[in-house]
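# With the sequence up front, the predicted model follows.
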Amino acid sequence: MLIDVVVMTLQYAAVLTDIFDHVSTEIPADIIERVLLGEAAVEDASALIQCDPAAVFKFADILRAKLAGNSASYIINRNINFSDYCIGTCRFCAFREHKGFKMSLDEIVQKSAQAVQIGATEVCIQGGLMDDMYLEDYCNILKAIKSRFPQLHIHAFSPMEVFHMARTSDTSIKDTLAALKQDGLDSMPGTAAEILSDRVRREICPDKLTVEQWIEVVETAHLAGIPTTATIMYGHIETTDERIRHILTIRDIQRRTGGFTEFVPLPFMPYNNPLGEQLMAEGYYATTGVDDLMIHALARILLYPHVRNIQASWVKLGKKMAQYALLCGANDMGGTLMEESISRSAGALNGEYMPPEEFRWIIRGAGRDAVQRDTLYRPVASK
């Protein structure tokens with residue numbers, strides 16, 4: 001026991017020395033120490049934002065290396081957005097009834113088969129909210145896929161979808177999640193978080209679940225053995241303080257449950273939606289590159305060491321900016337996707353598919369070792 005304590009103390013001292021050598025002239029020592037203890041506060045984050053961005057990026061990169069080494073990961077997966085019909089009223093959405101479609105079970109299974117053919121280990125399934133779709137219907141999707149491809153990891157249904165199906169089917173959140181897990185749900189995307197501020201949510205998605213309800217769904221999933229991701233959609237009407245508190249809320253949940261596999265910052269896409277039209281009319285077009293890199297760095301710093309993985313979304317950021325984020329705290333570039341519809345409909349300019357070979361090329365170009373992973377961040381032998 002004493003040897004373990006000595007080793008941990010030496011490791012901590014080595015990390016502290018490394019950070020001080022690189023960033024202590026720009027970042028106060030007391031903030032660095034609180035970050036290393038996993039106890040950074042709102043005031044610490046506010047102070048970091050005022051520091052030289054290059055120092056913050058370097059700080060985040062050092063922390064990344066402590067948790068992920070020199071590796072950066074990607075996953076071979078496929079998105080299946082099974083319908084764009086939605087009763088939601090989110091002002092940032094450009095996907096709702098973009099084409100007017102709803103896939104049959106056979107179509108969903110066929111797309112899953114195509115994913116398996118390219119070596120995918122995961123299908124990510126989400127759709128719009130419909131009054132005539134119940135818990136049984138969502139379970140049927142899971143069973144249809146698992147009956148054909150039991151090895152395929154199903155990463156499906158946002159907290160909003162779970163909340164909606166529980167409401168339409170008159171079941172509790174706990175019972176809803178139990179039924180989904182029994183029929184094949186392996187993990188959930190932590191979307192529908194947007195900004196975890198009820199003030200913001202009342203303005204951009206008034207009919208969506210509240211902050212308290214989002215937390216309830218996510219924590220109930222974690223306690224049921226269903227891991228989730230966590231996201232933030234930033235760059236619209238939220239304040240810097242609300243961004244920071246969002247990230248710290250994720251940290252608090254992770255301390256309680258340990259159920260988050262990753263944190264994914266998602267810049268707001270301002271095109272083809274009412275919220276974006278309003279902001280562009282006011283002269284605000286999109287996030288800047290520095291803003292994008294800063295929130296990835298800040299997420300790494302504030303979530304250290306509780307959430308090990310920070311993902312840079314190549315679809316939202318673009319391939320080159322996502323690559324640069326690997327030098328600012330991110331250690332993952334997400335998935336091949338095959339068929340990403342939601343971001344594209346909101347004006348994202350990047351493709352719907354990126355092959356594994358290109359992921360490896362981009363990651364190596366950032367000086368990292370490319371690692372193919374599964375949904376739970378376990379290495380997968382690449383072909």
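Done, it's in.
# Now for this structure, the helix or strand with the poorest mean pLDDT.
Every helix and strand of the chain was ranked by mean pLDDT, DSSP states H and E. The lowest is helix 342-345, at a mean of 43.
# Just after it, pick out the following helix or strand.
Sequence order places helix 356-365 as the next helix or strand after helix 342-345, per DSSP states H and E.
# starting at the chain centroid, how far to that following helix?
Averaging C-alpha positions (C-alpha atoms, centre = their mean, to the nearest Å) puts helix 356-365 20 Å from its chain's average.
# What are the buried residues along it?
For helix 356-365, burial by neighbour count (16 or more other C-beta atoms under 10 Å) applies to Pro356, Phe359, Arg360, Ile362, Ile363. (C-beta placed from N, C-alpha, C; glycine too.)
# what about the residue nearest to the spatial centre of the chain, helix or strand, and which?
A centroid search over the chain (C-alpha atoms, centre = their mean) returns Val264, at 2.9 Å, as the residue closest to the centre. For Val264, the host element (DSSP H and E) is strand 260-267.
# could you say what helices and strands that strand packs with?
Counting contacts by 3 or more C-beta pairs under 8 Å, 6 or more residues apart in numbering; DSSP states H and E, strand 260-267 is packed against strand 228-234, helix 240-257, helix 289-303, helix 314-317.
# okay, it in PDB with CA atoms only?
What follows is strand 260-267, C-alpha atoms only, in PDB (Å, rounded to 0.1, in the frame of the first residue of the first chain):
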ATOM      1  CA  PHE A 260     -20.200   8.700 -19.800                       C
ATOM      2  CA  THR A 261     -17.800   7.200 -22.400                       C
ATOM      3  CA  GLU A 262     -17.000  10.500 -24.000                       C
ATOM      4  CA  PHE A 263     -17.800  14.200 -24.300                       C
ATOM      5  CA  VAL A 264     -18.500  15.700 -27.700                       C
ATOM      6  CA  PRO A 265     -18.600  19.500 -28.300                       C
ATOM      7  CA  LEU A 266     -20.900  20.300 -31.200                       C
ATOM      8  CA  PRO A 267     -20.800  23.800 -32.800                       C
END
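# ok, and what's touching that strand?
Defining contact as C-beta atoms under 8 Å, 6 or more residues apart in numbering, one finds that strand 260-267 is touched by 187, 190, 222, 227-235, 247, 250, 253-254, 286-287, 291-292, 295-296, 299, 303, 307-313, 316-317, 332, 334, 375-377.
# and the next element down the chain from it?
Going down the chain from strand 260-267, the next helix or strand is helix 274-281, by DSSP H and E.
# So how do I select the buried members of the contacts of strand 260-267 in ChimeraX?
Remark: buried members of those, expressed as a ChimeraX selection using 16+ other C-beta under 10 Å:
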select :187,190,222,227,228,229,230,231,232,233,234,235,247,250,253,254,286,287,292,295,296,299,303,307,308,309,310,311,312,313,316,317,332,334,375,377
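# Run the chain-centre distance for the host helix or strand of Met321.
Met321 belongs to helix 319-325 when assigned by DSSP H and E. Relative to its parent chain, helix 319-325 has a centroid offset of 16 Å by C-alpha atoms, centre = their mean.
# Quick one: list the elements packing against the helix or strand following it.
As assigned by DSSP H and E, the chain's next helix or strand after helix 319-325 is strand 332-335. Strand 332-335 is packed against strand 71-75, helix 314-317, helix 319-325, helix 356-365, with contacts defined by 3+ C-beta pairs under 8 Å, 6+ apart.
# tell me what the second one is packed against?
In this structure, helix 314-317 makes packing contacts with strand 260-267, strand 332-335, helix 342-345, judged by 3+ C-beta pairs under 8 Å, 6+ apart.
# on that earlier part again, pLDDT of the strand holding Val264, averaged?
Summarised as a single mean, pLDDT over strand 260-267 is 98.
# so it versus strand 228-234, what angle?
For strand 260-267 against strand 228-234, the angle by axes from the mean of the first three to the mean of the last three C-alpha atoms, to 10 degrees is 20 degrees.
# what's the angle from strand 260-267 to strand 71-75?
Going by the same axes, to 10 degrees, strand 260-267 makes 80 degrees with strand 71-75.
# quick one: the strands in the stretch 101-250 of the chain?
Using DSSP state E, counting those that start in this stretch, the strands of the stretch 101-250 of the chain run over 122-126, 153-156, 228-234.
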